[in-house]
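A.B. asks: Sequence first, then the predicted structure, then my questions.
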Amino acid sequence: MKNSKLVKWGIIHSIGVLSYIILLSLFMNNASRWFGEEDKEIITPIVVLLLFVFSALVTGGLVLAKPIMLYIDGHKKESVRLLFYTGLSIFVLILLASLVLLISK
């Protein structure tokens, strides 16, 4: 697989992670409006932990699924490169989000 294609897939995967995080943030910001503000002592921690596990599944799938498939298919160098490019893309998104936070203050 060409290096440019790996970079493209890394960027696509990181944008997928960013999209999921944005949707999750929107859900969490509006959850009290949708479900009411009363504290449900048992249900709230259960839902939060289930959401945490689900988030690990989704983001893990976006970040690790393709590199693992490449590795199993014998493309070890490409799998490591794809994982690196995905991680680098996520790091760039973190820097951009931090910059937006600094500018908005």
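C.D. replies: Perfect, thanks for sending it.

A.B. asks: Could you use CA atoms for every contact and neighbour count after this?
C.D. replies: Noted.

A.B. asks: Name the residues of the helix or strand containing K5 that come out as buried.
C.D. replies: Taking DSSP states H and E as the criterion, K5 maps to helix 3-35. Within helix 3-35, the residues that count as buried by 16 or more other C-alpha atoms under 10 Å are 6-7, 9-18, 20.

A.B. asks: With respect to F84, which of the residues you listed is nearest?
C.D. replies: Closest approach to F84 among those (C-alpha to C-alpha): G10, at 7.9 Å.

A.B. asks: any idea how far the spatially most central residue of the chain is from S89?
C.D. replies: Note on the chain: the residue nearest the mean C-alpha position is V17, at 2.8 Å, using C-alpha atoms, centre = their mean. According to C-alpha to C-alpha, to the nearest Å, V17 stands 10 Å off from S89.

A.B. asks: re earlier: return the distance of the following helix or strand past the helix holding K5 from the chain's centre.
C.D. replies: Under the assignment DSSP H and E, the closest C-terminal helix or strand after helix 3-35 is helix 43-72. Here helix 43-72 is found 9 Å from its chain centre; the criterion is C-alpha atoms, centre = their mean, to the nearest Å.

A.B. asks: now, among the buried residues of helix 3-35, which is nearest to I103?
C.D. replies: L18 (19.7 Å).

A.B. asks: From I11, how far off is the closest one?
C.D. replies: Taken as C-alpha to C-alpha, the span from L18 to I11 is 10 Å.

A.B. asks: V58 now?
C.D. replies: Distance from V58 to I11, by C-alpha to C-alpha: 16 Å.

A.B. asks: repeat for I22
C.D. replies: Distance from I22 to I11, by C-alpha to C-alpha: 16 Å.

A.B. asks: Could you give me the buried positions within stretch 68-84?
C.D. replies: I68, L70, E78, S79, R81, L82, L83, F84.
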